[in-house]
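J.: Give me a 3D structure for the following:
(one chain, ligands or ions: 1)
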Amino acid sequence: MPQIHTPYYLIDESRLQKNLEIIRLVRQESGARSVLALKCFSTWCVFDLMRQYMDGTTSSSLFEARLGHEMFGKEVHAYSVAYSAEELDAVSAFANKVIFNSVSQLKLFRDRVHGVNVGVRVNPGVSHSHYDLADPARRYSRLGVSNYEELQDVIGLINGMMFHFNCENDEVATIAAALESIGARYAPLLERMEWVSLGGGISFTKEGYQLERFCAVLKEFGERYGVRLYLEPGEAAITDSTELVTTVLDVVHNEIDIAIVDASVEAHLLDHLIYRTSPRLASPGAGSYPMMVAGRSCLAGDIFGSYELEKRLKIGDEVRIADTAGYTMVKKNWFNGVAMPSIAVRRLNGAVELVRSFGYEEYKNTLS
Ligand SMILES: *Cc1c(COP(=O)(O)O)cnc(C)c1O
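T.: Got it, this is the predicted structure:
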C-alpha cells in the first residue's frame, strides 16, 4: 500500500458491495428500484461499482442532479424543495423525473417541463425519525404537500408521488404500518400513479434486518396500487463502508487524557456535532485505557468522543473513525483552514488508490 498522508477518508469497495448486493436482492424480490440519494453520498469515484447495482440517483438540487446525470447515469430523479425557473429549465434537459415539493411549484412550472415524468412530494403526516431536526412530518413542515384536497385537484398533472418519511428506521413493522396508513389515506390517488417513491431513511442493509418481510411488504404495496416502487437509499447504500484515518498530533491532560488528531468533527464529520452523537472507532480496539479523542479545530466541543481503548494513545498513533461515508464528505468544509482529508479507495482487488487530495489552492478558491 502506498503511503497516504492522514487525514483521509478510506472507502472500501468490498464493504460497499455488501450493501449493494442487498439492494440488488431487494430489487429482485420486491420489484422496487433503488436510486442513490446524492445528498448523503456524492463521492463519484465509486459510482462505477454502484451503478451496477442501483437504478440511478435522486437529488436535492440542480448540481446534484447534474452530477447524477454526468457521473452515475441511468435514471435521474430531480427533486428540489424549491426550484427557480432557470434551474428547472436546466434540470429538465437531462432529468427523467422532476419532483416538485409543492402544488404551487407544480402549477407554476408544469408547462415548462416537456417530455419529463412529473411527480410531487407528499407529506403523509406520519414519520419515523429520532430527531426533530430531521423529521419531515414535524409541525409546520414545508416538506411535501400535506393537504389532501390540494393534491387531489392536481392529480391529473402528475405521474408519480414521493413520500420520504423515515430516518434511520430499522424496524420493518413500522414501515408496514406506515404503508398501511398511507394506503388507506391515498388509495384513490395512488391508483392513478405510474410510480411511487418511498424515499430514504430505511436501514435495510443493516445486519439482522428482516429483508424477507420488507420485500413482501413492498411487493404487496406496489401490486395493490399497480405502481412501480422506488426506494431512495442514502445511508443504507454506503453504511459502514468508509473510515476516516487520522494521526494523533498531541496528547494533553486536563483531568483526563485527550488525544488530538489531525482531523476535526466540525469540519469533517459535522453530523455528529449536529445530532450530538459519537462515532465508533475502527481502531484502536476497545480496552481499559480511558481516552478522549478530539479534533484540531479551535471549537471547544470539537470532540469525537470518549473511549476505553486497548492502549494509551501517543503522538504518531493512527486512529480510525468508523462508518464515515454518509453525510460526511458532502458536508466537509474549510473551517479553521484545517487540512481537508484526502479521499482514498480500497478497490475490490485490494489495491488502495489515492483519488483526490486538497491543498491550499482549494482552500483559497472557496472564497475570494
Ligand atoms: C435525505 C433523503 C433521502 C436519503 O435518506 P437516507 O436517510 O440517507 O437514506 C432520500 N430521499 C429524500 C427525499 C431525502 O430527503
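
J.: Now whichever residue of the stretch 51-200 of the chain sits closest to the ligand: which helix or strand?
T.: For the stretch 51-200 of the chain, the nearest residue to the ligand under the criterion Cβ to the nearest ligand atom is residue 200, separated by 2.5 Å. Using the backbone N, CA and C atoms, a C-beta is placed for each residue, glycine as well. Remark: residue 200 resides in no helix or strand, with elements defined by DSSP states H and E.

J.: Could you do the one 4 residues further on as well?
T.: In this structure, residue 204 sits in neither a helix nor a strand according to DSSP H and E.

J.: Surely it is in contact with residue 22?
T.: Yes - in this structure, residue 204 is within contact of residue 22 by Cβ atoms under 8 Å, at 6.8 Å.

J.: Now the common contact residues for the two.
T.: With contacts defined as Cβ atoms under 8 Å, 6 or more residues apart in numbering, the residues shared by residue 204 and residue 22 are residue 211.

J.: More neighbours: which of those two?
T.: residue 204 (23 against 20; other Cβ atoms under 10 Å).

J.: Give me the distance between the more buried one and residue 319.
T.: When distances are taken as Cβ to Cβ, to the nearest Å, residue 204 and residue 319 turn out to be 30 Å apart.

J.: Write out the residues of this protein neighbouring the ligand.
T.: Residues of the chain that fall close to the ligand, judged by Cβ under 6 Å from any ligand atom: 37, 39-40, 58, 79, 164, 167, 199-201, 232-236.

J.: By neighbours, which of those wins?
T.: Neighbour counts for the residues of the chain next to the ligand, by other Cβ under 10 Å, peak at residue 58, which reaches 31 neighbours.

J.: That residue contacts residue 33, doesn't it?
T.: No - applying Cβ under 8 Å as the test, residue 58 and residue 33 come out as separate, 10.7 Å apart.

J.: okay, and for this structure, where does confidence drop off?
T.: Across the chain, the ranges flagged by pLDDT under 70 are 1-2.

J.: any idea how it splits into domains?
T.: Residue ranges for the domains of the chain, per automatic domain parsing: 14-238, 240-365.

J.: Distance to residue 8 for the ones you listed - can I get that in CSV?
T.: What follows is the domains of the chain, written out as CSV (distance: least, Cβ to Cβ, whole Å):
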stretch, distance to residue 8
domain 14-238, 12
domain 240-365, 4
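
J.: what about the helices in the protein?
T.: 13-30, 47-50, 62-67, 85-92, 103-109, 148-153, 172-190, 211-225, 235-238, 265-268, 270-274, 360-365 (DSSP state H).

J.: Show me what counts as buried in the second one.
T.: Of the residues in helix 47-50, those scored as buried under the neighbour-count criterion (16 or more other Cβ atoms under 10 Å) are 47, 49, 50.

J.: quick one: the first one from the ligand, how far?
T.: Right, the one you point to is residue 47. Separation of residue 47 from the ligand (Cβ to the nearest ligand atom, to the nearest Å): 17 Å.

J.: ok, and what's touching stretch 359-368?
T.: Contacting residues not belonging to stretch 359-368 are listed as 334, 337, 340 [Cβ under 8 Å, 6+ apart].

J.: And the residue of the stretch 251-368 of the chain that's closest to the ligand?
T.: Here the stretch 251-368 of the chain gets closest to the ligand at one residue, residue 326, 6.1 Å apart by Cβ to the nearest ligand atom.
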